[in-house]
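Engineer: return atomic coordinates for the entry below.
(chains A and B)
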Protein chains: 2
Amino acid sequence: MWGMQPMSPAPDDAVSPGQAALARTDPRLPLHARLREVIAERVRAGEWAPDQPLPAESTLVAYYDVSLGTIRRAFRDLVEEGLLERRQGSGTFVRRASLTASLFRFFRFGTAGDGFPQSRILSIARQVGTQTITSALGLEAGSEVLHLHRLRLYEEKPVLVEDIWLPLPLFEPMERIGQDDLGDLLYPLYERTCGQIVAAATEELTVDVATAGDALLLQCARHDPVVVIDRVARSHDATPLEYRRSRGLARTFRYRIDLR
Amino acid sequence: MWGMQPMSPAPDDAVSPGQAALARTDPRLPLHARLREVIAERVRAGEWAPDQPLPAESTLVAYYDVSLGTIRRAFRDLVEEGLLERRQGSGTFVRRASLTASLFRFFRFGTAGDGFPQSRILSIARQVGTQTITSALGLEAGSEVLHLHRLRLYEEKPVLVEDIWLPLPLFEPMERIGQDDLGDLLYPLYERTCGQIVAAATEELTVDVATAGDALLLQCARHDPVVVIDRVARSHDATPLEYRRSRGLARTFRYRIDLR
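Structural biologist: Coordinates of the predicted model:
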């Protein structure tokens, strides 16, 4: 009897948006790679908020009309690439970088060890990027960038001076942000106001001596040693989102490495 | 006919030293774990020199009278633990730590980038270990240690001042070493003269300012920033073998980290 069924494709309105999205990918790729691409696109588009899990595997099976094995393979690849992360018992989420902890890898601010530094934004202004800044952000020479000058404090004491440069027009909404909307953490704010997710970063440590500005803000003597952390933070597709230079008193610096 | 064979054990002289060594291990452990223990013991005893491979698997099968699978499982565990390493095409070797590279992770000495620092031992003498030294080496307070004071040079220019403390009596032979036997690298010397293999280390970075002694040896100004690397090096069974404090000019320091 099955031979009697019509062999024509299902009518268009029976094609789910999921199947349509899959149909737009490169048909020469294996199905799990095509699915990976479609989900990666949704991740980059900021579809899922920090505490919102991706749909259940069974939901995606129906939505994309693929097997459970294909969903799992695509998820596994996306976890390995660092776009997704599994959280035991609560599902699969878009991975964000948690870089605040990195300050604690480098500096011992207090005896307590808990809590994290508070922020005080000293200024937000446009500037023409220097060669170092535009090259770090992958911009053309002379591009305008948004500059944030920020002081970080731990238990009311200044511990870090930060210069932060953001590409324009991507981060234009940050220019209009009110002082009251500026929390202690910038990365959740980048996501909320500009839809940009920081997924990874490269940091380079060097040592310098305190400038007059450092001395004033960090309440130290001029020429006291300072540790400088240059960070380039990137999105899931490796676009540079932020170039940051943090300067902290060297006497609070301590970093531990295990070698084999 | 087989029922007619004598069931008494084989005569003693038929038991190989390998089987005898295995017989001395805990019989409640699985065979691969007992074999792992026997080989680990031979590694710790310094049976194999740096360029000498372990015997072939087939040789060990006969020597210990175990299956190839048991040998492979024991080797795999020992590789994972860091006691052994496989070298493509040349066999399995006792792993030594290669920590010279760590200096290049932290300091940019020259433009060339190749070669490694030369050594000049300034003094070798016994001293009573301070609290910091004996605690780093896991010795009783007030223990005597051997102190080496060393200058490291790169392209004839001083780049690091090092204080090295070694536990006694383990490193007694180092006291009698002639200036001519002191090469640029200490770890091969520890192995040759004292039978001690460095397998791992923990390093802690901090920043200080140059003392009068640093200034003299590193040819810098007093109070110039210096980066201090405190290293505790350990054997395969985690015994502390060396505590070392290296001080280098901070202006040559640069360290890069990737974060996710």
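
Engineer: for A:I71, see how far away the residue of the stretch 1-150 of chain A found nearest chain B is.
Structural biologist: Of all residues in the stretch 1-150 of chain A, A:G82 sits closest to chain B, at 5.4 Å by C-beta to the nearest C-beta. (C-beta placed from N, C-alpha, C; glycine too.) Distance, A:G82 to A:I71, by C-beta to C-beta, to the nearest Å: 19 Å.

Engineer: neighbour count: these two, which is higher?
Structural biologist: More crowded of A:G82 and A:I71, by other C-beta atoms under 10 Å in any protein chain shown: A:I71, with 22 against 13.

Engineer: which ones are touching the more buried one?
Structural biologist: Going by C-beta atoms under 8 Å, 6 or more residues apart in numbering or on different chains, A:I71 touches A:L35, A:E57, A:L60, A:V61, A:Y64.

Engineer: if you set the cut-off to 10 Å instead, what comes out?
Structural biologist: Contacts for A:I71 were tallied using C-beta atoms under 10 Å, 6 or more residues apart in numbering or on different chains; they are A:H32, A:L35, A:I39, A:P55, A:A56, A:E57, A:S58, A:T59, A:L60, A:V61, A:Y63, A:Y64.

Engineer: want to try CSV for those residues, with distance to chain B as columns?
Structural biologist: Putting the contacts of A:I71 into CSV (distance: C-beta to the nearest C-beta, whole Å) gives the following:
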residue, distance to chain B
A:H32, 23
A:L35, 23
A:I39, 19
A:P55, 24
A:A56, 26
A:E57, 24
A:S58, 29
A:T59, 28
A:L60, 25
A:V61, 29
A:Y63, 29
A:Y64, 27
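
Engineer: okay, and which of the residues you listed map to helices?
Structural biologist: Taking DSSP state H, the ones among the contacts of A:I71 that sit in helices are A:H32, A:L35, A:I39, A:E57, A:S58, A:T59, A:L60, A:V61, A:Y63, A:Y64.

Engineer: quick one, helices of the stretch 151-260 of chain A?
Structural biologist: All helices of the stretch 151-260 of chain A, identified by DSSP state H, counting those that start in this stretch, fall at A:187-194, A:212-218.

Engineer: looking at these, which is nearest to chain B?
Structural biologist: Minimum separation from chain B across the helices of the stretch 151-260 of chain A (C-beta to the nearest C-beta) falls at helix A:187-194, 12.3 Å.

Engineer: write out the residues of the stretch 151-260 of chain A neighbouring chain B.
Structural biologist: A:199-209, A:223-227, A:229-231, A:233-234, A:249-260 (C-beta under 10 Å from any C-beta of the partner chain).

Engineer: that older thread, list only buried entries from the ones in helices among the contacts of A:I71.
Structural biologist: A:H32, A:L35, A:I39, A:L60, A:V61, A:Y63, A:Y64 (16 or more other C-beta atoms under 10 Å in any protein chain shown).

Engineer: which one of those residues sits closest to A:F106?
Structural biologist: Checking those against A:F106 by C-beta to C-beta gives A:I39 as the nearest, at 34.7 Å.

Engineer: hang on, that closest one packs against A:A21?
Structural biologist: Yes: under the criterion of C-beta atoms under 10 Å, A:I39 makes contact with A:A21 at 9.4 Å.

Engineer: common neighbours of the two, please.
Structural biologist: In contact with both A:I39 and A:A21: A:Y64, using C-beta under 10 Å, 6+ apart.

Engineer: no further questions, thank you.
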